[in-house]
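J.: sequence first, then the predicted structure:
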Protein chains: 2
Amino acid sequence: MIVVGELINGTREPVREAIVTHDEDAIAELAVRQHEAGADYIDCNVGMVGQQEVEQMRWLVEVVTSAVDVPIAVDTANPDAMEAGLDAYFEFGSNAAPIVNSITLESEKTERFLPLLAGRQVRTIALTMDDSGVPASVSGRVDAAMRLLEAIEEAGVARSDIFVDPVVTPLSVDPGGARITCEAMREIADRCPECHLICGVSNVSYGLPQRTLLNRVFLSQAVAAGLDAAICDPTDSGIRSAIYAAEALAGRDEWCGRYLAAWRRGELQ
Amino acid sequence: MIVVGELINGTREPVREAIVTHDEDAIAELAVRQHEAGADYIDCNVGMVGQQEVEQMRWLVEVVTSAVDVPIAVDTANPDAMEAGLDAYFEFGSNAAPIVNSITLESEKTERFLPLLAGRQVRTIALTMDDSGVPASVSGRVDAAMRLLEAIEEAGVARSDIFVDPVVTPLSVDPGGARITCEAMREIADRCPECHLICGVSNVSYGLPQRTLLNRVFLSQAVAAGLDAAICDPTDSGIRSAIYAAEALAGRDEWCGRYLAAWRRGELQ
């Protein structure tokens, strides 16, 4: 499982505060904690809009790349902030390709985002949204994924560097959503075995109590459907335990080697 | 989710002891605890062989049916013990149909078991095994399920009273087994939407540490594949929590009503 640590997100109040006050220590600590918990990428989302987002993204990426030697995911819907984040990463970060989070089929954004991929050594998340929003049906999500794959490949990114995100909607407002997302994953995995499947796990539990339980169970179901990457909280041992168990059960952990190693380290709960 | 409480099983040492010494209180307590935890059926397995099994099964069923007003599952591979258990249930038990656990395609057993269904008001578990054992492939399990459905229907049991069990093998000895079981469930649910899908959840974790974690995650994946009944420990709050969350995520709990009610009762963990 490729883990993108989600904690550095300016929509979380303490993180917004740290970004606004340029509290480098607080941000660095979040990056280090996620790295130590096994994050393969550190998501960077400043949670602001406009020109402020561009400036804060540059600062945020510089702080994160100074704190840990782990690639980042630049998480923004603003193409200028994306460019600023990528530029800062290539100036200060590790040699590993960062993730562009994300490319959609929204026509205005696509025009601005796709050129950012060309000539840069990046991986990207392909979010199945178009000008009408998130397709409601499984086939709508799969079609959007296929169109995105084609556009992103044309922009120069190999399929093995594309993480398709079929969008996770909150169960509290979309009772059939989790099932549709999993079915879409299953079909996309079938049609494009080279690409990765990712999602923002904790979206599923938004607005409901006992969120970690729902996140763990959804993650377990999504892994069985083909999920091999997750935007999640790697410091949550319940989530990590679910990943180890789900991958073993999905036949992706030969003789339960990683599961048993995690157990020996006392990590499973 | 239809829950068959698995705790009264003579292969568990304290239960064997209680059966051998005819300790009615110990057995009754196990039945009551499972009933209170929400079991829809109480499994009765004496864990012995031969004539002893027949006599103990009669005693066991009598004790369980006196303790709780819940139907039972008579769990034995011995047709005489099955008959004795069913007869005792119809003499002492509730009016609800008990479950015959189980019918297979093993030719010698089928000959003896199928006639036990005729003329009795029973439901039955159809275990996808034949004379060669458990089919290794998804298609082998699905074929076995279809042949069993046909034979059991011919013996007079409606499809809606059949619980297909595509067999759960221990992950410790069969790394691809859980995946094959889930894929088989998915296909059987598709081909026979009227029948139920059941499995013995805890088999999956046999021989591995942190069994409850694996059981919970497997159950979550199986529910997404169509499982709507489980032989499990209803007194395990981790298992119950996973059931509530998995059913909500699978779109089988409208507006999360049962999930929220369980949360309000403080049951979720």
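T.: Thanks, I have the structure now.
J.: what's the neighbour count on the closest residue to A:Ala242 other than its chain neighbours?
T.: Excluding the flanking residues, the one nearest A:Ala242 by C-beta to C-beta, 6 or more residues apart in numbering or on different chains is A:Arg216, at 4.1 Å. Bear in mind the C-beta positions are built from the backbone N, C-alpha and C, glycine included. Each residue near A:Arg216 was counted by other C-beta atoms under 10 Å in any protein chain shown, and the total is 29.
J.: A:Arg216 sits in which helix or strand?
T.: Assigned by DSSP states H and E, A:Arg216 falls within helix A:211-225.
J.: report the distance from that helix to the chain centre.
T.: Here the centre of helix A:211-225 is set off from its chain's centre by 15 Å, with C-alpha atoms, centre = their mean, to the nearest Å.
J.: in its sheet, which strands sit next to the very next helix or strand once past it, and in what direction?
T.: For helix A:211-225, the following helix or strand on the C-terminal side (DSSP H and E) is strand A:229-232. Using DSSP bridges, strand A:229-232 pairs in its sheet with strand A:2-5 (parallel), strand A:196-200 (parallel).
J.: and the residue nearest to A:Ala242, what does it touch?
T.: By C-beta atoms under 8 Å, 6 or more residues apart in numbering or on different chains, the contact set of A:Arg216 is A:Gly238, A:Ile239, A:Ser241, A:Ala242, B:Val217, B:Ser220, B:Ala245.
J.: between the helix holding A:Arg216 and helix B:211-225, how big is the angle?
T.: Orientation check (axes from the mean of the first three to the mean of the last three C-alpha atoms, to 10 degrees): helix A:211-225 against helix B:211-225 gives 60 degrees.
J.: pLDDT weak spots in the stretch 51-200 of chain A?
T.: Within the stretch 51-200 of chain A, not a single segment meets pLDDT under 70.
J.: would JSON lines of the contacts of A:Arg216 with distance to B:Gln51, pLDDT and secondary structure be doable?
T.: Shown next, in JSON lines, are the contacts of A:Arg216 (distance: C-beta to C-beta, whole Å; pLDDT from 0 to 100; DSSP: H, G, I helix; E, B strand; the rest coil):
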{"residue": "A:Gly238", "distance to B:Gln51": "49", "pLDDT": "95", "secondary structure": "helix"}
{"residue": "A:Ile239", "distance to B:Gln51": "52", "pLDDT": "96", "secondary structure": "helix"}
{"residue": "A:Ser241", "distance to B:Gln51": "46", "pLDDT": "97", "secondary structure": "helix"}
{"residue": "A:Ala242", "distance to B:Gln51": "47", "pLDDT": "97", "secondary structure": "helix"}
{"residue": "B:Val217", "distance to B:Gln51": "41", "pLDDT": "98", "secondary structure": "helix"}
{"residue": "B:Ser220", "distance to B:Gln51": "42", "pLDDT": "98", "secondary structure": "helix"}
{"residue": "B:Ala245", "distance to B:Gln51": "45", "pLDDT": "98", "secondary structure": "helix"}
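J.: of those, closest to A:Asp43?
T.: A:Ile239 (14.6 Å; C-beta to C-beta).
J.: for A:Pro209, grab the count of nearby residues.
T.: Neighbours of A:Pro209 (other C-beta under 10 Å): 13.
J.: same check, this time on the one 4 residues further on
T.: The local packing count at A:Leu213 equals 24, with neighbours defined by other C-beta under 10 Å.
J.: what sits against the closest residue to it other than its chain neighbours?
T.: Leaving aside its sequence neighbours, A:Leu213 sits nearest to B:Ala245 (C-beta to C-beta, 6+ apart; 5.1 Å). Counting by C-beta under 8 Å, 6+ apart, B:Ala245 makes contact with A:Gln210, A:Leu213, A:Leu214, A:Arg216, A:Val217, A:Phe218, B:Ser220, B:Tyr259, B:Leu268.
J.: what about these, which one has the most neighbours?
T.: A:Val217 (32 neighbours).
J.: does A:Glu183 lie in a helix or a strand, and which?
T.: Element membership of A:Glu183, judged by DSSP H and E, is helix A:177-191.
J.: quick one: that helix to chain centroid distance?
T.: Remark: helix A:177-191 is offset 17 Å from the chain centroid, using C-alpha atoms, centre = their mean.
J.: quick one: is that helix near chain B?
T.: Yes - counting by C-beta under 8 Å from any C-beta of the partner chain, chain B is contacted by helix A:177-191 at A:Ala178, A:Arg179, A:Cys182.
J.: top of these by neighbour count?
T.: Within these, most neighbours by other C-beta under 10 Å means A:Ala178, with 27 neighbours.
J.: so what's the residue nearest to the spatial centre of chain A bridging to?
T.: When C-alpha atoms, centre = their mean is applied to chain A, the residue found nearest the centroid is A:Ile231 (3.8 Å). Under DSSP bridges, the beta-bridge partners of A:Ile231 are A:Val4, A:Gly200.
J.: spit out the contact partners of it.
T.: By C-beta under 8 Å, 6+ apart, the contact set of A:Ile231 is A:Val4, A:Glu6, A:Asp43, A:Ala73, A:Asn101, A:Ile198, A:Cys199, A:Gly200, A:Val201.
J.: residues of the stretch 51-200 of chain A that sit close to chain B?
T.: A:Leu171, A:Ser172, A:Pro175, A:Gly176, A:Ala178, A:Arg179, A:Cys182.
J.: and the furthest pair within the residues you listed?
T.: The most widely separated members of those, counting by C-beta to C-beta, are A:Ser172 and A:Cys182 (17.5 Å).
J.: contacts for the helix holding A:Glu183, please.
T.: Residues from elsewhere that reach helix A:177-191 (C-beta under 8 Å, 6+ apart): A:128, A:136-138, A:141-142, A:145-146, A:164, A:166-171, A:195, A:197, A:199, A:204, A:218, A:221-222, A:224-227, B:224, B:249-251.
J.: find the nearest non-adjacent residue to A:Thr104, please.
T.: Per C-beta to C-beta, 6+ apart, closest to A:Thr104 is A:Met129, 4.3 Å.
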